[in-house]
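> Provided below are the primary sequence and the corresponding predicted coordinates.
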Amino acid sequence: MRTAASSWGHIFYTGRVIVTIDGVAASGKSSVASGVARALGVPYVSSGLLYRAATLLALEAGVPLDEAPALLTHLHAHPLRLEALSAGNRVWCGKRELTDDLHSSRVDGGVSRVAALPEVRAWVDAQLRALPAPFVAEGRDMGTHVFPQADAKFYLTASPRVRAERRARERPEDVPAIEAALIERDHRDRAQSAPAPDARLIDTGTLPLDGVIGAVLAALPARRA
Ligand SMILES: Nc1ncnc2c1ncn2[C@@H]1O[C@H](COP(=O)(O)OP(=O)(O)OP(=O)(O)O)[C@@H](O)[C@H]1O
Ligand SMILES: Nc1ccn([C@H]2C[C@H](O)[C@@H](COP(=O)(O)O)O2)c(=O)n1
């Protein structure tokens, strides 16, 4: 029997298919995108990592986070490279790997300011649109703005408490503090975080990770080679 994954796997392998997975902070976007991409045998693309890497470089260099011209000059002098592997994305600045430094509370606290700058958004969008399809792309505006032509779109949600409890298993911080920071970030990211009208909404709070990945794979439109 041909499953949705195997049928799509063939199309992905030969075609330029794009699936987008957007959603609020810590809703499971990268875990789900990685699982779906692995099932389909294609890379996934984590757009948030580029915003995080831009924020880290600005913090390290003392560039004010809302000064777009200075930030863009710094980014052009220190080009970033997103390595879109299906097992986990990596970000490089020259020979230095930044990946492990991108999920700190310091970067979390500043990234929404950087992501609010239209010049930075255009810089990220250009890098994403230069990537060769097929892939699964995750972020906030993948289905609305960056890849409106995507073949299938999903939007993940979960309550702030559930998301904070999951994050607390990864970081030595207490749940109420993480929850408050997530609510604040949701608020600051809201301008670019609306679901695409044609996205399928999935509440990840009521499903295990494998269940969400299975729901995405099952919802991919039937395709035949
Ligand atoms: N459905 C799920 N059930 C249980 N845990 C989950 C589920 N989805 C994700 N997780 C866990 O929640 C945490 C956050 O997931 P993940 O990092 O994939 O979210 P994200 O939306 O990409 O986050 P961010 O917005 O910070 O980049 C991880 O520890 C992940 O393993
Ligand atoms: N397409 C995107 C991706 C991310 N952002 C912003 C919003 C977040 O605060 C930050 C980090 O993203 P995350 O790692 O939480 O997915 O980057 C955005 O505005 N647009």
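That came in fine, so what should we check first? Ligands and ions are numbered 1, 2, ... in the order given.

> Please identify the residues of this protein in proximity to ligand 2?
25, 29, 47-48, 51-52, 111-112, 115, 139-141, 185, 189, 192 (Cβ under 6 Å from any ligand atom). For the C-beta atoms, the positions are set from N, CA and C on the backbone; glycine is no exception.

> All the helices of the chain, residue numbers only.
Counting by DSSP state H, one finds helices in the chain at the ranges 4-14, 29-40, 47-61, 68-77, 105-115, 118-129, 160-168, 175-188, 209-219.

> burial measure for the residue nearest to P118 when sequence neighbours are not counted, as a count.
Setting aside the residues directly before and after it, P118 is nearest to A68 in space (Cβ to Cβ, 6 or more residues apart in numbering), at 7.6 Å. A68 has 17 neighbours, counted by other Cβ atoms under 10 Å.

> Surely A68 is in contact with L117?
Yes: when contacts are counted by Cβ atoms under 8 Å, A68 is listed as touching L117 (4.6 Å).

> re earlier: quick one: pLDDT of the residue nearest to P118?
According to the prediction, A68 has pLDDT 97.

> Likewise for the one 4 residues further on?
On pLDDT, L72 comes in at 97.

> Could you check how far the nearest residue to it once chain neighbours are set aside is from ligand 2?
Residue nearest to L72 in three dimensions, not counting chain neighbours: E119, with 5.5 Å by Cβ to Cβ, 6+ apart. In this structure, E119 and ligand 2 are 13 Å apart, going by Cβ to the nearest ligand atom, to the nearest Å.

> next one: L56
For L56, the distance to ligand 2 - Cβ to the nearest ligand atom - is 11 Å.

> residues in contact with whichever residue of the chain sits closest to ligand 1?
With Cβ to the nearest ligand atom as the measure, G28 is the residue of the chain nearest to ligand 1, at 2.8 Å. Counting by Cβ atoms under 8 Å, 6 or more residues apart in numbering, G28 touches 156, 158, 166, 204, 209, 212.

> ok, these vs ligand 2, which is closest?
For the contacts of G28, the nearest to ligand 2 is L156 (10.6 Å; Cβ to the nearest ligand atom).

> Report the spatially closest residue to that closest one, excluding sequence-adjacent ones.
L156 sits nearest to G23 (Cβ to Cβ, 6+ apart), 3.2 Å away.

> neighbours around the one you found, how many?
So G23, with other Cβ under 10 Å, has 26 neighbours.

> And P176, by the same measure?
When counting by other Cβ under 10 Å, one arrives at 11 neighbours for P176.

> For it, give me the pLDDT.
96.

> do the same with Y13
54.

> Low-confidence bits of the chain, can you list those?
Along the chain, segments meeting pLDDT under 70 span 1-14, 222-225.

> near ligand 1, which residues of this structure show up?
23, 25-31, 48, 166-167, 170, 204, 207-209, 212.

> Could you give me the PyMOL syntax to select whichever of these are buried?
If you want just the buried ones from the residues of the chain next to ligand 1 in PyMOL, going by 16 or more other Cβ atoms under 10 Å, the selection is:
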select buried, resi 23+25+26+27+28+29+30+31+48+166+167+204+207+212
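
> Chain neighbours aside, what residue packs nearest to A158?
Beyond its immediate neighbours in the sequence, the residue positioned closest to A158 (Cβ to Cβ, 6+ apart) is G205, lying 3.8 Å away.
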